[in-house]
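>>> Sequence and predicted structure below; questions after.
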Amino acid sequence: MNENLTLEQANEMLEVKVKKLQESELNFDEFVKNYEEICELLNFCYKKITVYGDRIKQANDKIAWISEEGSSNE
C-alpha cells in the first residue's frame with residue numbers, strides 16, 4: 001500500500017474496487033485478489049481516520065481550559 005495516498009484517494013480506490021466486485025463476474029482468483037485489496041484499503045483508511053481523530057482530540061484538549069474557565073466564573 002502506498003503510504004503517500006490521501007484518505008480521499010484511498011476512498012475512491014475502495015469505491016471502484018467494491019463496484020467492480022458488485023458488478024462484474026470475476027473468476028475466483030480475481031475475486032479473492034480484489035477482496036484482499038479492499039481489505040488493505042479499509043485498513044489504510046481506518047488508520048488514517050484514527051490519526052485524524054487523535055489529532056482532533058489533541059486540538060480539543062489544548063482548548064479545554066476555555067470551557068473550564070467559563071464554568072468556574074459562573
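All right, it came through fine. These numbers come from a predicted model, not from an experiment.

>>> dump the residue contacts of residue 20.
26, 34 (C-beta atoms under 8 Å, 6 or more residues apart in numbering). C-beta coordinates here come from the backbone N, C-alpha and C atoms, glycine included.

>>> So it: helix, strand or coil?
Secondary structure state of residue 20, per DSSP: H, G, I helix; E, B strand; the rest coil, is helix.

>>> can you pull the pLDDT of it?
Per-residue pLDDT puts residue 20 at 89.

>>> How about residue 62?
With respect to pLDDT, residue 62 has a value of 87.

>>> and if you look at residue 70?
Residue 70 is given a pLDDT of 60.

>>> element containing residue 43, please.
Per DSSP states H and E: residue 43 is located in helix 28-62.

>>> was I right about residue 10 contacting residue 44?
Yes: Residue 10 lies in contact with residue 44 (C-beta atoms under 8 Å); the separation is 5.2 Å.

>>> Now the residue positioned nearest the centre of the chain. Nearest residue, chain neighbours left out?
By C-alpha atoms, centre = their mean, the chain has its centre lying nearest to residue 45, at 2.6 Å. Closest residue in space to residue 45, ignoring its immediate chain neighbours: residue 10 at 5.3 Å, by C-beta to C-beta, 6 or more residues apart in numbering.

>>> Contact partners for that neighbour?
41, 44, 45, 48.

>>> Provide the secondary structure category for residue 26.
Per three-state DSSP, the local secondary structure of residue 26 is coil.

>>> and the residue lying closest to it once chain neighbours are set aside, what pLDDT?
Spatial nearest neighbour of residue 26, chain neighbours left out: residue 34 (6.4 Å); criterion: C-beta to C-beta, 6+ apart. For residue 34, the model assigns a pLDDT of 94.
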